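Asker: sequence and predicted structure, then a few things I'm wondering about:
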Amino acid sequence: MAKYRDITKEEYEAMRTAMQIHGRHWKRAVRDAWTNGGYHLYNLEAHAQVLQNLRNALGPTWLTNQATVAILKYEAKERERFHAERRQLPAGPVVYRGGSHVVTCDQDGWHRQRMEDGRIVLDCLCSEWVGGCPAKVRKEVCSAGDPHEAHAKKRTEIGDDPDELLGAAPERTA
């Protein structure tokens, strides 16, 4: 079996466009466009040069046998790059402590659940945190930039104590 190079971002986007336009028959549309040069007939004229260069470099056999594998490989590589970048983000203030994890409110506006070894296993937007961001409730500067009194009022109305959510013991007067 021949060894093929990895596809570029532009090639990936061109093939992804063909997949979106032509569904399960996308390879037939690309092959036909390659054969007759009529990219406009298949709504692929925006990617004509990239697809033609791909044909010249890898050929129709690659399209038939390896294109799907190349797309999946490209997507896996991009996912890994994305997760590697996320692991490099500095952690913000802790807003929740669980058994083996903490939830932090990071500077980019996301809450991230981090395991003890630093892995990020779950994240959500700060604005989507149920009941409001506890960092905002405690009047700390959160990723959104400023504390909101409305969150504190809302949190008090539903009966959740932000100090309990943060794992700190509430102050009691004797």
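Answerer: Good, I have the coordinates.
Asker: surely Glu11 touches Val50?
Answerer: Yes. Between Glu11 and Val50 a contact is recorded at 5.9 Å, counting by C-beta atoms under 8 Å. Using the backbone N, CA and C atoms, a C-beta is placed for each residue, glycine as well.
Asker: more neighbours: which of the two?
Answerer: Glu11 (22 against 19; other C-beta atoms under 10 Å).
Asker: now do the same contact list for the more buried one.
Answerer: Val50, Leu54 (C-beta atoms under 8 Å, 6 or more residues apart in numbering).
Asker: quick check: which element contains it?
Answerer: helix 9-22 (DSSP states H and E).
Asker: what about Lys73, neighbour count?
Answerer: 14.
Asker: Ala57 too?
Answerer: 12.
Asker: for the one 5 residues further on, same thing?
Answerer: Trp62 has 18 neighbours, counted by other C-beta under 10 Å.
Asker: ok, Leu54 touching Ala14?
Answerer: Yes. Counting by C-beta under 8 Å, Ala14 is a contact partner of Leu54 at 7.2 Å.
Asker: anything in contact with each of the two?
Answerer: In contact with both Leu54 and Ala14: no residue, using C-beta under 8 Å, 6+ apart.
Asker: how about the helix holding Glu11: buried residues?
Answerer: Glu11, Tyr12, Ala14, Met15, Thr17, Ala18, Met19, His22 (16 or more other C-beta atoms under 10 Å).
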